[in-house]
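**Student:** predicted model and sequence below, questions to follow.
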Amino acid sequence: MCRILVLDDDESIRLLYEEELAEEGYDVISENDGTGISEVVLGKRPDLVVLDLKLGASSGFEVLERLRTGDYLMPVILCTAYPVSPKEAGAMGAHDVVIKSTDLSELKLKIRKLLHANTPALPLSIPATL
């Protein structure tokens, strides 16, 4: 069973995502901010992170940066009410972006695509000597 970490400061959103994603067969854990994200990732070992960009005390950008500088390779989907293009999300180190909504069909589709693809979570560089 794949484990999804939902990071959002809005309790109602966390509860909605927990319920909807659990119905899809995922093990869902949630946090209200990015404090101690390294400990959460090491302790809970999520396969994917759904990350809000505005987390109250911390920003989703900061959390994403900590995930990437910590070399955690799990896919990250930015889930935000703010317009962010997939290209911008990719430049920040996220794998995809969805506009926050109570209709989770797009989010679920992107989760399935990322978790069940036969490709690595992040592109691998090929050594120039090959």
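**Tutor:** It's in. Residues are numbered from 1 along each chain as shown.
**Student:** buried ones in the strand or helix carrying residue 21, by neighbour count?
**Tutor:** Assigned by DSSP states H and E, residue 21 falls within helix 11-23. Buried residues in helix 11-23, counting neighbours by 16 or more other Cβ atoms under 10 Å, are found at 13, 14, 16, 17, 18, 20, 21. Yep, even glycine has a C-beta here, placed from its N, CA and C like the rest.
**Student:** of these, closest to residue 82?
**Tutor:** Closest approach between the buried residues of helix 11-23 and residue 82, by Cβ to Cβ: residue 13, at 14.4 Å.
**Student:** now do that closest one against residue 97, distance only.
**Tutor:** 16 Å (Cβ to Cβ, to the nearest Å).
**Student:** how about residues contacting the lowest-mean-pLDDT helix or strand in the chain?
**Tutor:** Least confident helix or strand, the chain: strand 58-59 with a mean of 80, by mean pLDDT, DSSP states H and E. Applying Cβ atoms under 8 Å, 6 or more residues apart in numbering, the contact partners of strand 58-59 are 33, 34, 35, 53.
**Student:** which SSE is the second one in?
**Tutor:** Residue 34 belongs to no helix or strand when elements are defined using DSSP H and E.
**Student:** what's near enough to touch it?
**Tutor:** Counted by Cβ under 8 Å, 6+ apart, residue 34 has contacts 7, 55, 58, 59, 60, 62, 63, 66.
**Student:** using pLDDT, spot the least trustworthy of those residues.
**Tutor:** Of all those, residue 58 has the smallest pLDDT value, namely 75.
**Student:** helices of the chain, residue ranges please.
**Tutor:** 11-23, 37-44, 60-69, 86-92, 105-115 (DSSP state H).
**Student:** just name the most buried of those helices.
**Tutor:** Mean neighbours per residue, mean count of other Cβ atoms under 10 Å, is largest over the helices of the chain for helix 60-69, with a mean of 18.
**Student:** run through the neighbouring helices and strands of it.
**Tutor:** Using 3 or more Cβ pairs under 8 Å, 6 or more residues apart in numbering; DSSP states H and E, the elements in contact with helix 60-69 are helix 37-44, strand 48-51, strand 76-80, helix 86-92.
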